[in-house]
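Asks: let me see the structure of the following:
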Amino acid sequence: MKDTLQPGVSLTNRVEIDEARTIDFMGDELRVYATPELVRDIEITCRDLILQHTDDNEDSVGTHISVAHTGATPLGAWVEITATVTAVDGRAVSFEVTARDPLEEVGKGKHSRFVVDVGMLRGKLADKKAKLANG
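Replies: Got it, this is the predicted structure:
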């Protein structure tokens with residue numbers, strides 16, 4: 001991990017609210033941005049930010065998220081998600097996040113990720129899969 005990953009570094013991603021990102025259980029007239037999709041888009045934004053500051057063999061995994069989804073964004077609109085690094089403790093990275101549609105803030109929260117060596121993670125996961133397969 002590069003030393004450029006510091007508190008205050010931020011990234012904003014814009015996502016289009018397409019049908020796949022909306023709820024469907026209240027009918028087509030009430031299709032709005034689904035909370036699980038907001039969470040996924042927050043994770044992607046934070047990961048994208050970290051990847052700008054990692055070495056080739058590194059990536060990150062989410063370890064915690066706390067999000068308030070405070071406004072409804074309709075199908076066809078967009079949301080900008082901004083992630084700002086608040087702390088870097090070794091390989092642990094903490095973020096504050098906000099989500100805004102064209103009219104208002106629709107979400108905010110905190111997210112934590114851990115920078116991993118992809119090869120080491122692959123090995124650990126293979127070991128765990130083998131143990132699970134062997135009972």
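
Asks: now do the SS call for the residue positioned nearest the centre of the chain.
Replies: What sits nearest the mean C-alpha location of the chain, by Cα atoms, centre = their mean, is Glu43, with 0.7 Å. Under the three-state scheme (DSSP: H, G, I helix; E, B strand; the rest coil), Glu43 adopts helix.

Asks: so which helix or strand takes in the nearest residue to it once chain neighbours are set aside?
Replies: Of all residues not flanking Glu43 in the chain, Gly62 sits nearest, at 5.2 Å (Cβ to Cβ, 6 or more residues apart in numbering). No exception for glycine: its C-beta is placed from N, CA and C like everyone else's. Using DSSP states H and E, Gly62 sits in strand 58-69.

Asks: what of Asp56?
Replies: Asp56 belongs to no helix or strand, assigned by DSSP H and E.

Asks: that older thread, same for the very next helix or strand once past the strand holding Gly62, what does it pack against?
Replies: Using DSSP H and E, the helix or strand that follows strand 58-69 towards the C-terminus is strand 78-89. The contact analysis (3 or more Cβ pairs under 8 Å, 6 or more residues apart in numbering; DSSP states H and E) places strand 78-89 against strand 10-16, helix 35-51, strand 92-100, strand 105-117.

Asks: before I go, just wanted to say thanks for your time.
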